[in-house]
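S.K.: my questions concern the predicted model and sequence given below.
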Amino acid sequence: MTARPALGIRGKNETRDRILNAAMELFGRDGFDSTTVRAIAQRCNLTDPALYYYYKTKRDILLALWGLPSPLEKMRSTTPSNMRPASVEFPMDDDTLMGLVDWMLDGSARQDSLNRLLFRSVLDGDQTAIALRETKRRGWIAVLTPYFASVFPPDELDIRLEAAIMLSLGYVYTAQIEHGADFPAVAAGLEFRARLKQLIRLAVPLPPSGER
Amino acid sequence: MVRPFFERYYRDEAGQMEDLATFMLSGLFWDALLRYGEDFESIVRGDTFQRKLQLLLSSVLPVRTGHAQ
């Protein structure tokens, strides 16, 4: 019989968070297959039976991790109101474009461990991970499209949006590979951000304000 | 390997243009690998992907034919 910890709802939620944080760290570092349930339990100072009370299998922990708010959802909730899609009645200007770059980098840094785990699982062929990554990808496009549509004509919109997304992905993925666990600190650096912003301005040349 | 090409066409802007092309292509290939998995190789060899790649490059790299000697 599985042990049932005597905790209130808040205590159970806190324990779940501890388990998920420990699992994310270990999955990200050692990979899903190499991480044991016992290692996760030890990481968060639980006994094996106590952990099994919350999650029946290691796979359940992984699925719970993917059920956490996505970077996009978290960023939406932390985005200044003047950068939300609802404000696109105003044409996107340079400040807004650069704000979107900061917004994307903040989210990538905040969700670094989860993204590493997701990408590792995608490359392993995990169908749930592949579907989740595709959902996030579409989410990015849905959020950015109104901004780009406010300044680029329909025949130019797709290619400018694609260029901005691919450039950002390449820049972030390269840095994640190069810097490993230090990526969040690197992504917070002004120089790192300035370099991407300069490249984004080249890939997404905003038309003069009088022509928008 | 590609630096001489960028230096020939973009001169003082070579480093920046090379970064732009490199990161964008890196993103394009990583995105395809994560999206298409085992089909990655056939997808990137296909006409659709090749056209997309060419279109992206030509849209972000300004033509500097006057610099080429």
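M.R.: On my side now, so go ahead.

S.K.: once you drop chain neighbours, what's closest to A:Leu196?
M.R.: Sequence neighbours aside, A:Tyr171 is the residue nearest to A:Leu196 in space, at 5.1 Å (criterion: CB to CB, 6 or more residues apart in numbering or on different chains). Any C-beta I mention is one placed from the backbone N, CA and C, and that applies to glycine too.

S.K.: low-confidence ranges in chain A?
M.R.: For chain A, applying pLDDT under 70 flags the ranges A:1-7, A:9-10, A:67-90, A:209-212.

S.K.: let's see it at 80
M.R.: Within chain A, the ranges that satisfy pLDDT under 80 run A:1-13, A:28-29, A:31-33, A:63, A:66-90, A:208-212.

S.K.: just want the residue of it that's nearest chain B.
M.R.: Closest contact between chain A and chain B, by CB to the nearest CB, is at A:Gly170 (3.0 Å).

S.K.: which helices and strands does the one helix or strand that residue maps to pack with?
M.R.: Here A:Gly170, judged by DSSP states H and E, is contained in helix A:154-179. Judged by 3 or more CB pairs under 8 Å, 6 or more residues apart in numbering or on different chains; DSSP states H and E, helix A:154-179 is in contact with helix A:94-110, helix A:112-123, helix A:127-149, helix A:183-187, helix A:190-203, helix B:14-36, helix B:47-60.

S.K.: could you dump the ones you listed into CSV with mean neighbour count added?
M.R.: As requested, those are exported to CSV (neighbours: other CB atoms under 10 Å in any protein chain shown):
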stretch, mean neighbour count
helix A:94-110, 18
helix A:112-123, 20
helix A:127-149, 16
helix A:183-187, 18
helix A:190-203, 16
helix B:14-36, 19
helix B:47-60, 14
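
S.K.: how far away is A:Gln111 from A:Met104?
M.R.: Applying CB to CB, to the nearest Å, the value for A:Gln111 to A:Met104 is 11 Å.

S.K.: repeat that for B:Leu61.
M.R.: 23 Å.

S.K.: likewise A:Asp158?
M.R.: For A:Asp158, the distance to A:Met104 - CB to CB - is 19 Å.

S.K.: do A:Gln198 as well
M.R.: From A:Gln198 to A:Met104 the distance is 15 Å (CB to CB).

S.K.: can you check A:Met98 too?
M.R.: Look at A:Met98 and A:Met104: by CB to CB, they are 11 Å apart.

S.K.: cool, B:Met17 as well?
M.R.: Applying CB to CB to B:Met17 and A:Met104 gives a distance of 22 Å.

S.K.: also A:Pro205?
M.R.: From A:Pro205 to A:Met104 the distance is 19 Å (CB to CB).
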